[in-house]
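> need coordinates for the following:
(chains A and B)
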Amino acid sequence: MLKIEGLRAEIDGKEILKGIDLEIPAGQIHAIMGPNGSGKSTLSYVLAGREGYEITGGAVTFHGQDLLAMEPEERAATGLFLAFQYPVELPGVGNANFLRTALNAIRRSKGEPELDAMQFLKVARVRMKALSMPEDMLKRGVNVGFSGGEKKRNEVLQMALLNPSMAILDETDSGLDIDALKIVADGVNAMRAPGFSSLVITHYQRLLDYIVPDKVHVLMGGRIVQSGGPELAHQLEASGYGSVQAA
Amino acid sequence: MPAVTETIDAVQSVTQGAYKYGFETEIDMEFAPKGLNEDIVRFISAKKEEPAWLLEWRLKAFALWKTMVEPRWPAVKYPPIDYQDAFYYAAPVKKAGPKSLDEVDPELLRTYEKLGIPLKEQAILAGVEGAGDTPAEGGRMPIAVDAVFDSVSVATSYKDRLAKDGIIFCAISEAVREHPELVRQYLGSVVPQGDNFFAALNSAVFTDGSFVYIPKGVKCPMELSTYFRINAKSTGQFERTLIIADERSSVSYLEGCTAPMRDENQLHAAVVELVALDDASIKYSTVQNWYPGDENGKGGIYNFVTKRGACRGARSKISWTQVETGSAITWKYPSCLLLGEDSVGEFYSVAITNNWQQADTGTKMFHIGPRTRSTIISKGISAGQGQNTYRGLVKISPKATGARNFTQCDSLLIGDQCGAHTVPYIENRCMTAKVEHEATTSRIAEDQLFYCRQRGLSQEDAVGLIVNGFCREVLKELPMEFAVEAQKLLQISLEGSVG
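Okay, the predicted model is just below:
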């Protein structure tokens, strides 16, 4: 589904990604672990199409299409979703309005009919209940005044509504207590299907107890230096990233 | 680079397509000779078959105007205006004064249709007698419309329906004929002839505008609305609006404005006067979309307007809401004189400047009576090379015990070539009064845009969403139907502003 070959990217002339190779087949969940500054967030931004990064080499195909040639909104329409490490606040923009606008933009691009306010509310309520989100979060400004946990749950709600085929979770576990972590993990696990893949980026192994990956990759210094099964995450937790560097 | 191509495309779409009201109507027009002198003032007065007192009133204004100079304090720049190089009277040639829409030139009606004026309302007027008693299609409340084309009012709808409640809604020239006692009592009582340069000019040469009188105890059953249209070349528009809400009455009034695209600058110098007596309330909303000029700053309307309301009665209320998206230059300060005890003044404003537009706008709140209250919410959005200034005065007299004011001025910048300025004046002479002022300046952040686009929104939709969120507190003050229109307008005005 997603194939990354020799991807190199720099920001302000500084090379961050130094040749990444990674393939995630449909239906699989892969985890990327790595220390701070290894290029984890850069990878997620480059895949989602954020401005400011220069691609200096390599290729990425998504559903057989050239991902890097697409605008961010085209990538979203093709099924790519990024759960932000730091969800952005949009003052004055109602959460319900934002979610419905986003959902309808995706539906439009798929040729599906748009949902009116009532139809949307019906769908949203079901999803929110599953995420233990109070309904008044729909009325508030997007992420404005949300606690860290609420912001992350709002990201997972968006993912559930937009129903992407590929979800990148950028350190979604950071700043979450154990209950919130479980709720977020349940949200991701509920998406699991033969047509759904996910790239879970995390600093700690903790999240991977709840979202069990098919593969774990270690990203260091802009390269994937080691890959393995779920057991690799436990290994890292026990011996730290230093052991990999030595390997 | 695709980004560059995209920017060029976006700019082209703005300059070629975005201002959809830029057409001109081919119609027989009657002009006064070019230029401005006493004879022109007499010509206009004679054309309108005015009584002698009004001619005298105009001539006094003209004499005052000759002694005045244009204000130089606004933060706007423009070349000197040649007041002798314009027509001060332009009117569609009419066939013996239209009494109903049937007699109005169909070309004119087509123009208003293109402008999106609810012509159904007018059709009711033209059609079946008494049809205006029932709500329009879809069960929504009808809107009474007065349409002003260059210098004259061409059609007013729902007059008969409103008359049943004793409400007068007509062209001001008609009010001069039919209700001279009201006009004479209130005209110039809020904005005197010599108030300022442009108000004096307007008083000398005003040609038409709307007149509203709501009698005691009457709640106006529908929105009243005026659409202003500048069509003719080299013409100034000087309309005058007078709204009087008698004791315990209330009314909501909306004006909309458009003009053709032209290379030359055209002057629009209107005066609006509002009077609210005891327990009366007036809500005055403006969606201003005069032609803003092209992407190089050529052409566009100079919108130099004086708007003021007097809360004369106890517990009276005047609320101004404005969405200013058009005009090359906007210079206006809708104000409230809070005379009556416990009277309330409100000002909600969104002003957008894109390309080379300039806006110097705000309000003045004069607290004179005890326990008077005012609220000012101003949202300025600057894009392109636009310059946006909020200028406001809150003045509290010694007698205004317990007066309160709250002011909030927020500025949003899009791009790095534009400017936002906030100039608040506060003069408080009362120990027990409370004045609060808050101001913020922010930029549409790249991460906000990226966040929206990652969720599937196009760049333009993302800007529209963020800007509408920024303006939400003001937009929610607009009457429902116009709020939707205003939201679309905001987005159109900013198309191409993010490259």
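> what bits of the chain have low per-residue confidence?
As the question left the chain open, I've gone with chain A. By pLDDT under 70, the low-scoring segments of chain A are A:245-247.
> other chain: chain B
B:1-29, B:92-157, B:228-236, B:257-265, B:481, B:496-499.
> so who does the residue of chain B found nearest chain A touch?
For chain B, the residue positioned closest to chain A under CB to the nearest CB is residue B:469, at a distance of 3.2 Å. Placement of C-beta: from N, CA and C, glycine included. Contacts for residue B:469 were tallied using CB atoms under 8 Å, 6 or more residues apart in numbering or on different chains; they are A:90, A:91, A:92, A:93, A:94, A:141.
> the closest residue in space to the last one that isn't next to it in sequence is in what secondary structure piece?
Using CB to CB, 6 or more residues apart in numbering or on different chains and skipping residues adjacent in sequence, the residue nearest residue A:141 is residue A:91, 5.3 Å away. Residue A:91 is part of strand A:90-94, with elements assigned from DSSP states H and E.
> list of residues touching the helix or strand following that strand?
In the C-terminal direction, the helix or strand that comes right after strand A:90-94 (DSSP H and E) is helix A:95-109. Outside helix A:95-109, the residues within contact range by CB under 8 Å, 6+ apart are A:73, A:76-77, A:90, A:113-115, A:117, A:120-121, A:124, A:137-143, A:154, A:157-158, A:161-162, B:452, B:455-458, B:461, B:465.
> helix A:95-109 vs strand A:90-94, what angle?
Angle of helix A:95-109 versus strand A:90-94, following axes from the mean of the first three to the mean of the last three CA atoms, to 10 degrees, is 80 degrees.
> tell me the buried residues in the following helix or strand past helix A:95-109?
Towards the C-terminus, the helix or strand next in line after helix A:95-109, according to DSSP H and E, is helix A:117-130. Taking 16 or more other CB atoms under 10 Å in any protein chain shown as the basis for neighbour counts, the residues of helix A:117-130 that come out buried are A:120, A:121, A:124, A:127, A:128.
> just these now: which is nearest residue B:312?
Proximity to residue B:312 was ranked across these by CB to CB; first place goes to residue A:121, at 46.4 Å.
> find the nearest non-adjacent residue to the closest one, please.
Excluding the flanking residues, the one nearest residue A:121 by CB to CB, 6+ apart is residue A:96, at 7.3 Å.
> and the one you found, how close does it get to residue A:123?
Distance of residue A:96 to residue A:123, given as CB to CB, to the nearest Å: 11 Å.
> okay if I get the contacts of residue B:469 as TSV plus neighbour count?
Rendered in TSV, the data for those read as follows (neighbours: other CB atoms under 10 Å in any protein chain shown):
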residue	neighbour count
A:90	23
A:91	17
A:92	20
A:93	24
A:94	18
A:141	18
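> pull the most distant pair out of these.
Between any two of the contacts of residue B:469 (CB to CB), the greatest distance is 10.7 Å, for A:91 and A:94.
> got any residues that touch both of these two?
Here residue A:91 and residue A:94 share the contacting residues A:141, B:469, scored by CB under 8 Å, 6+ apart.
> just the ones of the contacts of helix A:95-109 in strands?
Among the contacts of helix A:95-109, the members falling in strands (DSSP state E) are A:90, A:141, A:142.
> ok, so of those residues, who is nearest residue B:406?
For residue B:406, the nearest member of the ones in strands among the contacts of helix A:95-109 is residue A:141. The distance, counting by CB to CB, is 20.5 Å.
> that closest one bridge partners, please.
Using DSSP bridges, the beta-bridge partners of residue A:141 come out as residue A:94.
> quick one: it and residue B:448 touch, right?
No. No contact is recorded between residue A:141 and residue B:448 when judged using CB atoms under 8 Å, the distance being 11.9 Å.
> could I get the contacts of residue B:469 as CSV with distance to residue B:382?
Listed next are the contacts of residue B:469 as CSV, based on distance: CB to CB, whole Å:
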residue, distance to residue B:382
A:90, 19
A:91, 18
A:92, 18
A:93, 20
A:94, 25
A:141, 22
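> ok, of these, which one's closest to residue B:58?
Nearest to residue B:58, judged by CB to CB, of the contacts of residue B:469 is residue A:92 at 46.0 Å.
> chain B versus that closest one, what's the distance?
Residue A:92 sits 3 Å away from chain B, taking CB to the nearest CB, to the nearest Å as the criterion.
> flag every residue of chain B that's near chain A.
B:445-448, B:450-459, B:461, B:465-466, B:468-473 (CB under 8 Å from any CB of the partner chain).
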